[in-house]
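[1] Give me the fold of what follows.
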Amino acid sequence: MLALAQDLPRLWHDPNTTDQDRKRMVRLLIEDVTLTKTDQITAQIRFKGGATRTLTLPRPLGAWKERTTSPDVIRQIDQLLDTCTDAEIAVQLNRQGCRSGMKLELTADIVARLQRQYGLKPRYDRLKERGLIQSVRWPPNLELPR
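    Residues are numbered from 1 along each chain as shown. Below is the predicted model:
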């Protein structure tokens with residue numbers, strides 16, 4: 001029995017061991033498991049021989065939260081909008097290894113979408129506030145009908 005217990009990890013990780021065999025091994029070892037979900041997950045495991053073990057695990061993030069772009073990336077986009085286009089921002093952040101919430105490389109389209117989604121002031125408005133762009137009516141001498 002002791003040799004079998006010591007051999008269990010090798011048998012478990014053997015590529016020839018099927019998932020069905022792994023399930024059978026678990027059923028031979030474990031009597032029952034009780035899960036309690038609060039701000040964390042508690043698993044109380046009762047083994048066939050009477051021994052017990054309690055594991056406490058953090059709750060996994062919800063799918064939407066896992067796919068949320070990092071606040072640090074959003075802050076960097078906000079800062080870079082003062083001096084860079086969406087495409088230039090994407091290139092700079094990709095060089096740093098930054099990714100979107102979906103773990104994708106950043107593109108100009110993704111940067112623009114994040115800018116709108118998080119309510120960041122557009123580059124055009126920033127340039128206009130600094131006096132680098134002026135609003136011009138075209139044609140300038142044309143009077144509009146009332």
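[2] So what touches the helix-or-strand element of the chain with minimal mean pLDDT?
    Least confident element among the helices and strands of the chain, by mean pLDDT, DSSP states H and E: helix 63-66 (a mean of 81). The contact list for helix 63-66 (CB atoms under 8 Å, 6 or more residues apart in numbering) reads Gly101. Where C-beta positions appear, they are placed from N, C-alpha and C, glycine not excepted.
[3] For that helix, what is the distance to the chain centroid?
    Centre-to-centre, helix 63-66 and its host chain are 6 Å apart (CA atoms, centre = their mean, to the nearest Å).
[4] Using CSV, write down the CA coordinates of it.
    The C-alpha trace of helix 63-66 is given here as CSV (Å, rounded to 0.1, in the frame of the first residue of the first chain):
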residue,chain,number,x,y,z
ALA,A,63,-15.5,36.5,-16.6
TRP,A,64,-16.2,40.2,-17.2
LYS,A,65,-13.6,41.2,-14.7
GLU,A,66,-11.0,38.9,-16.1
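[5] What residues sit buried inside the helix or strand just after it?
    Later in the chain than helix 63-66, the nearest helix or strand by DSSP states H and E is helix 71-80. For helix 71-80, burial by neighbour count (16 or more other CB atoms under 10 Å) applies to Val73, Ile74, Gln76, Ile77, Asp78, Leu80.
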